[in-house]
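**Student:** For reference, the sequence and a predicted model appear below.
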Amino acid sequence: MSHNIKDLKEKAQSYHKNLPERIRKYLNERGISDEIINRYLIGWSGQAINIPITNRTGEITFFKYRKDPADTSSKEKYWYDPGAHAELYGWEHIKEPKPSLVICEGELD
């Protein structure tokens, strides 16, 4: 991938600052608290919700995008940056043992 980790972190912070209240409300209604939105820098590009995807060491390696919930077109609901690869979202929960662990299909789940 052509982006470096610092550039991706800055991009994530910029997207996060641009998160509109209506999108925050949508995420809250899906059970995603403001604490989680802020901790994981979930953001907005102007066209899609942006979910920074990190690697095992916590560095952002690419973004997953979710189309605007108000968009009723038939375009794909989710897509990734070019060159993205499979990555487990939430590595920090595996690296630090917990009494239980729940694995879901998607990042917003």
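**Tutor:** Received it, and whenever you're ready, just let me know what you need.

**Student:** Which residue ranges of this protein form strands?
**Tutor:** Ranges of strands within the chain are 43-44, 48-54, 60-67, 78-80, based on DSSP state E.

**Student:** now the third one against strand 48-54, angle please.
**Tutor:** Here strand 60-67 points in a direction 150 degrees away from that of strand 48-54 (axes from the mean of the first three to the mean of the last three CA atoms, to 10 degrees).

**Student:** any low-confidence regions in the chain?
**Tutor:** Per-residue confidence of the chain (counting by pLDDT under 70) places the weak regions at 1-3, 86-95, 97, 104-109.

**Student:** quick check: longest helix of it.
**Tutor:** The longest helix of the chain (DSSP state H) is helix 5-17.

**Student:** tell me the most buried of the strands of the chain?
**Tutor:** The highest mean neighbour count among the strands of the chain belongs to strand 48-54 (a mean of 22), with neighbours defined as mean count of other CB atoms under 10 Å. (C-beta placed from N, C-alpha, C; glycine too.)

**Student:** Mind exporting the C-alpha coordinates of that strand to CSV?
**Tutor:** These are the backbone C-alpha positions of strand 48-54, laid out as CSV (Å, rounded to 0.1, in the frame of the first residue of the first chain):
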residue,chain,number,x,y,z
ALA,A,48,-19.0,7.4,3.8
ILE,A,49,-18.3,6.3,7.4
ASN,A,50,-14.6,5.5,7.8
ILE,A,51,-13.4,2.7,10.1
PRO,A,52,-9.7,2.7,10.6
ILE,A,53,-8.4,-0.9,10.6
THR,A,54,-5.3,-1.6,12.7
